[in-house]
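1. After the sequence you'll find the predicted model.
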Amino acid sequence: MNAPNVKLIIQAVATLLYSNITEDINEGKVIPINSDLYFFSEEKYIAENPGEFEEDRIALLRKTPTQDEISGFIEAIYDLAQFSPECCVICLVYINRINALTEMPLLPTTWRPLVIISLMIAQKMWDDKYLSNADFQYIYPFFNSTQFNMLEIKFLDLIQYNTHIKLSIYTKYYLELKSLNPDDFPLKPMDVYTMGTLEKKSHNLEEKVKYASQTGALKAQSGLNAIFAIN
């Protein structure tokens, strides 16, 4: 990575995600196969296409990740997508939102889909330039572009299209990340103007997604890229 400051932020995100994963595992949380949450479990796709997965690969997918493995996965996304550092905070907001609304657990076979989809949505909302869903196949070829589109729309549906991020929410997650490295955390707090921009952009996305859902324009086969020009 060319930006060590972003790497430090990603490491903090990985620390929080690792804590959530180990907590959910220790509590014995599972996802019923008849649940909409199961779309975000790699187990679903392993079961549907067993011939495509060797036993060693399945074992790796089911293995509890280390913090370094989580960090490395997010860094690989960053290397291609070059998302803004703020997307790390926004990603956490969205992951915790789907957890709060649906009790979606972070497990060895759900954390990768949840991280990559939340970052995809965060980048579309916040950054002026963002990757198409098809580009993410190069990072995570487990899913094809059609599946990425479907998961993106499913994620938005499960969070009830609530992409809006208020100042208090962003600040809460920012401070939680900063507390892991209080003396050397590279991301500065948002100023009033930037925070206003975040609230406006996230609210605009929410309005667009809700309208598209109501009018039938929000289709899983196309995802957000074909529908929105997010400014």
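-> That came through, no problem.
2. can you give me the helices in this protein?
-> 4-26, 42-48, 55-62, 67-81, 86-102, 111-126, 145-158, 167-178, 192-215 (DSSP state H).
3. and the longest one, which residues are buried?
-> Of the residues in helix 192-215, those buried under the neighbour-count criterion (16 or more other C-beta atoms under 10 Å) are 195, 198-199, 201-202, 204-206, 208-210, 212-213. The way it works is simple: take the backbone N, C-alpha and C, and place the C-beta from them, glycine included.
4. by contact count, what packs against that helix?
-> Applying 3 or more C-beta pairs under 8 Å, 6 or more residues apart in numbering; DSSP states H and E, we find helix 192-215 packed against helix 111-126, helix 167-178.
5. which ones are touching F143?
-> Contact analysis of F143 by C-beta atoms under 8 Å, 6 or more residues apart in numbering lists 45, 113, 136-137, 151.
6. Mind checking which of the residues you listed are buried?
-> Among the contacts of F143, those scoring as buried are 45, 113, 136, 151 (criterion: 16+ other C-beta under 10 Å).
7. distance of the spatially closest residue to H203 that is not a sequence neighbour from W126?
-> Distance criterion C-beta to C-beta, 6 or more residues apart in numbering; nearest residue to H203, sequence neighbours excluded, is H164 at 4.9 Å. H164 sits 13 Å away from W126, taking C-beta to C-beta, to the nearest Å as the criterion.
8. try H203
-> 13 Å.
9. do the same with L177
-> For L177, the distance to W126 equals 16 Å [C-beta to C-beta].
10. next one: P105
-> P105 sits 26 Å away from W126, taking C-beta to C-beta as the criterion.
11. about what we covered before: can I get the helices and strands packed on helix 192-215 in a markdown table with mean pLDDT?
-> Output for the helices and strands packed on helix 192-215, formatted as a markdown table (pLDDT from 0 to 100):
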| stretch | mean pLDDT |
| --- | --- |
| helix 111-126 | 96 |
| helix 167-178 | 95 |
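12. deepest of these, which one?
-> helix 111-126 (a mean of 24; mean count of other C-beta atoms under 10 Å).
13. Compute the inter-axis angle for that one and helix 192-215.
-> Angle between the axes of helix 111-126 and helix 192-215 is 110 degrees (criterion: axes from the mean of the first three to the mean of the last three C-alpha atoms, to 10 degrees).
14. What helices and strands are in contact with helix 111-126?
-> Packed against helix 111-126 by the contact rule (3+ C-beta pairs under 8 Å, 6+ apart) you find helix 4-26, helix 67-81, helix 86-102, helix 145-158, helix 192-215.
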